[in-house]
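# Based on what follows, work out the 3D shape:
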Amino acid sequence: MSFDIEIREAKDLKVSLNDWHRRFLSEAHSKDETLNDLLNNATSTPHIIKEVLIKHLQNYIDDLDNSWSTLEASFDNASFVGHDFEQRLRLRILHIAHRKAVNTYIEYMTFKNRLNLSHDDITLILTTIYTSNDWSQQDINDASIYRVVLDCPNIDSEPAPFLSDEKEKVYISLHQSVEDLILNINIYVDEKNREIKSRVSNI
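Residues are numbered from 1 along each chain as shown. Okay, the predicted model is just below:
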């Protein structure tokens with residue numbers, strides 16, 4: 001394979017990754033609120049505002065899904081990335097969880113009387129979609145928020161749960177986990193790009 005193709009694959013992957021990331025961030029960070037504020041707004045939104053929000057979220061998730069499809073294609077096309085690339089798989093899991101939460105929230109606002117969701121259900125949905133500025137405190141309070149196990153490389157460089165001093169798993173928000181994965185994938189692609197360019201310069 002020619003070096004220019006490999007370099008283009010790396011560039012396309014970074015462009016696709018950062019496009020998906022920007023779209024995700026635009027909605028996830030659109031509300032700088034506490035969890036209680038998120039819950040109060042979700043359960044007391046006036047009908048006319050609810051209709052606007054439903055349309056907005058439908059457009060958002062369609063755009064995000066289209067961006068994700070482009071990102072998956074870029075992963076597939078990048079010869080230096082395997083189909084079992086751990087961070088790709090983990091990001092896909094978070095994307096699916098986020099998308100499912102958005103769709104369920106749309107259903108909740110559309111058919112509130114027919115969709116029987118508990119307080120804990122709505123809490124889980126909202127913290128899968130939006131960041132809350134008191135997530136860490138809610139984690140301490142053992143609220144029904146969306147949690148992701150914090151991983152760190154073990155002695156074999158494989159991801160393993162990070163344990164606290166009390167030997168308990170440590171959790172982070174979906175949004176923090178996305179940020180960590182985006183950073184690590186960008187670093188990985190940059191390193192591969194440097195390797196390709198180094199091979200070119202050595203010819």
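
# Just say helix, strand or coil for the closest residue to residue 174 other than its chain neighbours.
Ranked by CB to CB, 6 or more residues apart in numbering and with sequence neighbours excluded, the top spatial neighbour of residue 174 is residue 146, at 5.1 Å. Using the backbone N, CA and C atoms, a C-beta is placed for each residue, glycine as well. Using DSSP: H, G, I helix; E, B strand; the rest coil as the criterion, the local structure at residue 146 reads coil.

# Does residue 146 touch residue 130 like I think?
No: if you go by CB atoms under 8 Å, residue 146 and residue 130 don't touch, sitting 10.2 Å apart.

# Packing partners of the helix or strand that residue 124 is a member of?
Per DSSP states H and E, residue 124 falls inside helix 119-129. Counting contacts by 3 or more CB pairs under 8 Å, 6 or more residues apart in numbering; DSSP states H and E, helix 119-129 is packed against helix 35-43, helix 86-110.

# quick one, what contacts residue 174?
With contacts taken as CB atoms under 8 Å, 6 or more residues apart in numbering, residue 174 has the following neighbours: 94, 97-98, 127-128, 146, 148.

# pLDDT score for residue 80?
pLDDT recorded at residue 80 is 78.

# Model confidence score at the closest residue to it other than its chain neighbours, please.
When the adjacent residues along the chain are set aside, residue 80 lies closest to residue 192, with 4.8 Å between them (CB to CB, 6+ apart). On the pLDDT scale, residue 192 is placed at 84.
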